[in-house]
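# coords below, sequence missing:
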Ligand code: HEM
């Protein structure tokens, strides 16, 4: 596959904003996606651990983590759409070819995801009193975790097959005979996938540090439970961090020759340093974790480290495709469309922060509230009115621009 062929597969209409905008948004939204995935996997694993335990602290944690996992799946799915859009726009010759070569898996992806999510809810419905009674139908939670991992594996293969244009023809027509079934998964790296999955352990640890701080702020009376959370969080961060770095090192050591440059790239080294800082932070902060916002800061630093990992991952793809295959994602023809660009950023920045900010404020304050009924303050209620008002304006604008485009 030469560079001309790859360029010929591009959308002749070009992209509606500078390609760098899509590249940066792709990195940022992938980091958000993978953070939600890791919270989801970490929380699910803790649910399973709790479901097999008869210790009350583990059972209580399993109940909380089941709620976290249910929400994290939906966040991972919703935020997963964003990098999907950006990778399609910027790397369409690669992404679509990879998808067509494994078309059955791409379609099956949705069904497996639905089955995994239903299995998680099945476990939830079967265990309304998970905190106190023995867990029932644990197989459902195991099935859910297995299916969610399979979904992630499909995403990994699709991302990885993109990086092997010289193999596409061979995969499509092995020994010259066309196989249009789309039933194969052709290229993968167990170590690369394992690295992203193993990071779920320190991410879950950082999440638990924040959960513990939140409970403390809400006046949690069970000091033994808080101590249990502190121990578990530190163990997950340290041991999980070491495990992730070991698997990451294996990924770097087993890189194919054309990707070998990545092992010493400054992007990768910066990501490594930030991961180390995030993993060591609870130990460095010590007692400060008990005060102010420090307990939440650990997850914040972890999120920054994940953005660095996402940036390094993108540099691997960008540098490989431009250096080895002569395909520069940043020279995509730009057909500037200010209207859609501004709509995107205003939706993302203004609408996104106001509505999400409101939901988070209500969820936060109601959880920290001591009395039985929570009544939001005047400021929070006004915040809510703004969120609803902005959503109404956004929906009206959506239909108005649609009608305007139709009748124009
Ligand atoms: C719920 C289970 C999921 C898991 C465990 C998961 C896990 C992963 C992992 C590990 C990667 C990195 C692969 C690599 O670079 O080797 C990835 C990439 C990706 N995921 Fe997910 N994912 C899940 C669901 C989804 C969903 C539902 C979507 C879309 C709606 C999605 C969209 C993406 C995209 C677009 C990428 C690649 C982005 C790129 O190459 O720039 N994922 N996912």
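Perfect, thanks for sending it. All of these numbers come straight from a predicted model, not from anything done at the bench.
# any idea how far residue 319 lies from the ligand?
14 Å (Cβ to the nearest ligand atom, to the nearest Å). Any C-beta I mention is one placed from the backbone N, CA and C, and that applies to glycine too.
# residue 11 now?
Taken as Cβ to the nearest ligand atom, the span from residue 11 to the ligand is 17 Å.
# next, the contact list for that residue, please.
Taking Cβ atoms under 8 Å, 6 or more residues apart in numbering, we find residue 11 in contact with residue 92.
# kindly report the same for the one 3 residues further on.
Contacts for residue 14 (Cβ under 8 Å, 6+ apart) come out as 332-335.
# ok, now how distant is it from the ligand?
For residue 14 relative to the ligand (Cβ to the nearest ligand atom), the value is 20 Å.
# which non-adjacent residue is nearest that residue?
Excluding its sequence neighbours, the residue lying closest to residue 14 (Cβ to Cβ, 6 or more residues apart in numbering) is residue 333, at 3.4 Å.
# next, the one you found: phi, psi?
Main-chain torsions, residue 333, degrees, to the nearest 10: phi -60, psi 130.
# for the ligand, what are the nearby residues on the stretch 201-350 of the chain?
residue 313 (Cβ under 6 Å from any ligand atom).
# SS state for the residue of the stretch 201-350 of the chain at minimum distance from the ligand?
Of all residues in the stretch 201-350 of the chain, residue 313 sits closest to the ligand, at 5.9 Å by Cβ to the nearest ligand atom. Of the three states, residue 313 takes helix under DSSP: H, G, I helix; E, B strand; the rest coil.
# do you know the pLDDT at it?
What the model reports for residue 313 is a pLDDT of 98.
# what about the residue lying closest to it once chain neighbours are set aside, which SS state?
Distances taken as Cβ to Cβ, 6+ apart place residue 30 nearest to residue 313, at 7.4 Å, with adjacent residues excluded. State at residue 30, reduced to three classes by three-state DSSP: helix.
# residue 262: neighbour count?
19 (other Cβ atoms under 10 Å).
# residue 316 now?
19.
# check residue 9 too.
With other Cβ under 10 Å as criterion, residue 9 counts 14.
# cool, residue 52 as well?
12.
# show me the helices in the stretch 251-400 of the chain, by range?
Using DSSP state H, counting those that start in this stretch, the helices of the stretch 251-400 of the chain run over residues 266-285, 294-323, 338-346, 352-368, 378-407.
# any idea which of these is most buried?
helix 294-323 (a mean of 20; mean count of other Cβ atoms under 10 Å).
# near the ligand, which residues of the stretch 1-150 of the chain are found?
So the stretch 1-150 of the chain meets the ligand at 26, 30, 33, 37, 73, 76-77, 80-81, 83-84, 87, 113, 148 (Cβ under 6 Å from any ligand atom).
# which parts of stretch 88-102 are buried?
Judged by neighbour count using 16 or more other Cβ atoms under 10 Å, the buried positions of stretch 88-102 are 88-91, 93-95, 97-99, 101-102.
# quick check: residue 336 vs residue 90, distance?
16 Å (Cβ to Cβ, to the nearest Å).
# tell me the pLDDT at residue 370?
pLDDT, residue 370: 74.
# give me the number of residues near the residue lying closest to it once chain neighbours are set aside?
Computed as Cβ to Cβ, 6+ apart, the closest residue to residue 370 that is not its neighbour in sequence is residue 219, at 6.2 Å. Counted by other Cβ under 10 Å, the residues lying close to residue 219 total 9.
# and if you look at the one 4 residues further on?
Number of residues near residue 223 (other Cβ under 10 Å) recorded here: 9.
# so how many other residues sit close to residue 83?
23.
# can you tell me the closest non-neighbouring residue to it?
residue 30 (4.2 Å).
# so how far is residue 280 from the one you found?
25 Å.
# same check, this time on residue 220
From residue 220 over to residue 280 (counting by Cβ to Cβ), the distance is 26 Å.
# could you say what helices and strands the strand or helix carrying residue 231 packs with?
Residue 231 belongs to helix 223-253 when assigned by DSSP states H and E. Judged by 3 or more Cβ pairs under 8 Å, 6 or more residues apart in numbering; DSSP states H and E, the packing partners of helix 223-253 are helix 56-90, helix 190-198, helix 200-217, helix 266-285.
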